[in-house]
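K.L.:
please find the sequence and the predicted model below.
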Amino acid sequence: MAKIAMKNPVVEMDGDEMTRILWQWIKEDLICPYVDLKTEYYDLGLPNRDATDDKVTVEAAEANKKYKVGVKCATITPNAQRVEEYRLKQMWKSPNGTIRRILDGTVFRAPILAKGITPYIPGWKKPIILARHAYGDVYSGVETRTSAGDKAYLVIEDGEGGVKEKLLVQDFKNGGGIVQAVHNLDASIASFARSCFNYALDVKMPLWFATKDTISKKYDHRFKDIFADIYAREYQDKFEKAGIEYMYTLIDDAVARVVRSEGGILWACKNYDGDVMSDMVATAYGSLGLMSSVLVSPDGNYEFEAAHGTVTRHYYKHLKGEETSTNSVATIFAWTGALAKRGELDGTPDLVLFAKKLEEATVRTIEEGEMTGDLIPLFHAEGIAPKKLSSRAFLQAVAARM
Ligand code: NAP
Ligand code: MG
């Protein structure tokens, strides 16, 4: 059989630990036998980020802009313990944070549904797609510790260096503490709003957006106003024609409503809310290993990844020569998402079809009772006793169906 040809490469960003192992196996077992794979490779594994002073991350993001489509493996975001473990030159920033800062845009996360895997929230019948604003807030925050007697101010200078505004944050006269400043940009919030409105129209799902504007009367309120303004001027008619609604509410109310809902919602979240809530939603649908994730930038760049981390505990078992049963589904879907988008942009329908077939084979493997350990307790289908497979055996079970 001739392999499927690619016109343009996808930007391949390799990562760390157990997901780096899965990455290699997915290519070997599921992609390279069928596709003449063209990638522009960047090694974002922590040792190489350290060796390149993290320049490799920036280069990968720039390449993603150039080629439009990227696929990224999970990576370690170093903390103090990792600095010691890997003897790092410094505590490098989150690669996802760096990539999102460069590409801007919105992260859409959708659960991968398979018959037999029932959500922890039994009322959820349809997918909840979570749209996470991928720019600013605490992810590009500036923070420091203060000592007793310090005073912290928020100072705004105009273009000439003149002080426009000086606000007292806190007088630490009674003891030291911590202080943080965060920002966002009107343009980024507007492009977040437009990507959400467009995506809602694409998938014909109602859009919910929530912040804490009652407490944050300037910062969060700005998000609410920009969304409301863009909706009224550009999208209200289209939403009414499509028979879907846009609803704004407070974040705590949104959480309560989402839990009570039957799903079928596009839920737009600020950066931090999206970080936290996407893990809640993914876990409630079954497993972090069944959550796909794509960053869509306003100028049409796509970066696909799995929503989970590098699965450290499994990696240490793997290093000891023990068999692991790590779920590779979200990483497979990162690859299929990227290949399908590449095919769509390049006008190569074979590649799009291949991606669809690989997704079907993956879901069918689970539905027919072959899966990794994390899914076993969640699987309930009449007449099928689920079978736990090792990480590699699962990939081979998918390959058999391909
Ligand atoms: P994690 O790697 O997602 O793993 C947390 C736990 O969830 C695992 O120990 C495992 O539970 C379960 N799990 C997650 N993914 C799984 C999968 N595919 N198959 C089976 N079980 C899975 O999160 P973490 O332990 O908080 O973080 C580990 C490293 O990943 C950190 O260095 C962090 O910086 C990084 N991280 C990267 C990204 C990213 O690149 N997008 C995102 C999050 C975290 P059991 O151990 O109980 O089996
Ligand atoms: Mg997170």
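P.N.:
Arrived safely, thanks for sending. Ligands and ions are numbered 1, 2, ... in the order given.

K.L.:
please count neighbours and contacts with C-alpha atoms only from this point.
P.N.:
OK.

K.L.:
how near is the closest residue to V142 other than its chain neighbours to P78?
P.N.:
Nearest non-adjacent residue to V142, counting by CA to CA, 6 or more residues apart in numbering: A181, 5.2 Å away. Applying CA to CA, to the nearest Å, the value for A181 to P78 is 22 Å.

K.L.:
with G123 instead?
P.N.:
G123 is 38 Å from P78, by CA to CA.

K.L.:
among these two, which residue is more densely surrounded?
P.N.:
Comparing G123 with P78 by neighbour count (other CA atoms under 10 Å), the higher total belongs to P78, at 19 against 12.

K.L.:
surely that one and M91 touch.
P.N.:
Yes: if you go by CA atoms under 8 Å, P78 and M91 touch, sitting 5.8 Å apart.

K.L.:
what residue lies at the spatial centre of the protein?
P.N.:
Centroid-nearest residue in the chain: S293, 4.3 Å away (criterion: CA atoms, centre = their mean).

K.L.:
gap between that residue and A338?
P.N.:
From S293 over to A338 the distance is 11 Å, taken as CA to CA.

K.L.:
averaged pLDDT, the helix or strand where V169 lies. What do you get?
P.N.:
Assigned by DSSP states H and E, V169 belongs to strand 163-171. For strand 163-171, the mean pLDDT works out to 97.

K.L.:
mind listing what that strand pairs with, with the direction of each?
P.N.:
strand 151-157 (antiparallel) (DSSP bridges).

K.L.:
contacts only, for the closest residue to S297 other than its chain neighbours.
P.N.:
Excluding the flanking residues, the one nearest S297 by CA to CA, 6+ apart is G105, at 3.9 Å. G105 makes contacts with H133, A134, Y135, S188, S191, F192, S195, L295, V296, S297, P298, as judged by CA atoms under 8 Å, 6 or more residues apart in numbering.

K.L.:
OK, contacts around the second one?
P.N.:
Yep, that's A134 we're talking about. Per CA under 8 Å, 6+ apart, neighbours of A134: G97, R100, R101, D104, G105, T106, V107, N271, L295.

K.L.:
mind checking pLDDT for the fifth one?
P.N.:
G105 is assigned 78 on the pLDDT scale.

K.L.:
then the last one?
P.N.:
In the predicted model, L295 carries a pLDDT score of 91.

K.L.:
who's it bridged to?
P.N.:
In this entry, L295 is beta-bridged to V107, E303, by DSSP bridges.

K.L.:
flag the shaky bits of the stretch 201-350 of the chain, pLDDT-wise.
P.N.:
By pLDDT under 70, the stretch 201-350 of the chain contains no weakly predicted segment.

K.L.:
can you pull out the helices in it?
P.N.:
219-230, 236-242, 251-260, 271-285, 312-319, 329-346, 349-367 (DSSP state H, counting those that start in this stretch).

K.L.:
of the ones you listed, flag the one that's most buried.
P.N.:
For the helices of the stretch 201-350 of the chain, the largest average neighbour count (mean count of other CA atoms under 10 Å) is found in helix 329-346, namely a mean of 23.

K.L.:
what does that helix rub up against?
P.N.:
Counting by CA under 8 Å, 6+ apart, 6-10, 19, 23, 26, 69-73, 112, 289-294, 302-307, 349-356, 358-359, 362 sit against helix 329-346.

K.L.:
quick one, that helix and helix 349-367 angle?
P.N.:
160 degrees (axes from the mean of the first three to the mean of the last three CA atoms, to 10 degrees).

K.L.:
may I have helix 329-346 as CSV, with CA atoms only?
P.N.:
The C-alpha trace of helix 329-346 is given here as CSV (Å, rounded to 0.1, in the frame of the first residue of the first chain):
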residue,chain,number,x,y,z
VAL,A,329,-6.1,8.4,23.6
ALA,A,330,-5.8,12.2,24.1
THR,A,331,-2.3,12.1,22.6
ILE,A,332,-3.6,10.1,19.6
PHE,A,333,-6.3,12.7,19.2
ALA,A,334,-3.8,15.5,19.3
TRP,A,335,-2.1,13.8,16.3
THR,A,336,-5.3,13.2,14.4
GLY,A,337,-6.5,16.7,15.1
ALA,A,338,-3.3,18.1,13.6
LEU,A,339,-3.2,15.8,10.6
ALA,A,340,-6.9,16.4,9.8
LYS,A,341,-6.3,20.2,10.0
ARG,A,342,-3.2,19.9,7.9
GLY,A,343,-5.2,17.9,5.3
GLU,A,344,-8.0,20.5,5.4
LEU,A,345,-5.6,23.4,4.9
ASP,A,346,-3.6,21.7,2.2
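
K.L.:
now do the contacts for the residue nearest to V142.
P.N.:
Counting by CA under 8 Å, 6+ apart, A181 has contacts V138, G141, V142, E143, L154.

K.L.:
on that earlier part again, what sits in contact with each of S293 and A338?
P.N.:
Shared contacts of S293 and A338 (CA under 8 Å, 6+ apart): F304.

K.L.:
distance to ligand 1 for the helices of the stretch 201-350 of the chain - can I get that in JSON lines?
P.N.:
JSON lines is the format used below for these (distance: least, CA to the nearest ligand atom, whole Å):
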{"stretch": "helix 219-230", "distance to ligand 1": "25"}
{"stretch": "helix 236-242", "distance to ligand 1": "32"}
{"stretch": "helix 251-260", "distance to ligand 1": "22"}
{"stretch": "helix 271-285", "distance to ligand 1": "9"}
{"stretch": "helix 312-319", "distance to ligand 1": "5"}
{"stretch": "helix 329-346", "distance to ligand 1": "7"}
{"stretch": "helix 349-367", "distance to ligand 1": "14"}
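
K.L.:
out of the ones you listed, nearest to G175?
P.N.:
Nearest of the helices of the stretch 201-350 of the chain to G175, taken as CA to CA: helix 219-230 at 27.6 Å.

K.L.:
quick one: name the residues of this protein near ligand 1.
P.N.:
Residues of the chain lying close to ligand 1 (CA under 6 Å from any ligand atom) are 74-77, 288-289, 307-313, 326-328, 374.

K.L.:
can you select the buried ones among the residues you listed for me in PyMOL?
P.N.:
In PyMOL, this line selects whichever of those come out buried by 16 or more other CA atoms under 10 Å:
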select buried, resi 74+75+76+77+288+289+307+308+309+310+311+326+327+328+374
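
K.L.:
the helix or strand that comes right after the strand holding V169 to strand 151-157, inter-axis angle?
P.N.:
On the C-terminal side of strand 163-171, the closest following helix or strand by DSSP H and E is strand 177-181. Here the directions of strand 177-181 and strand 151-157 differ by 10 degrees (the same axes, to 10 degrees).
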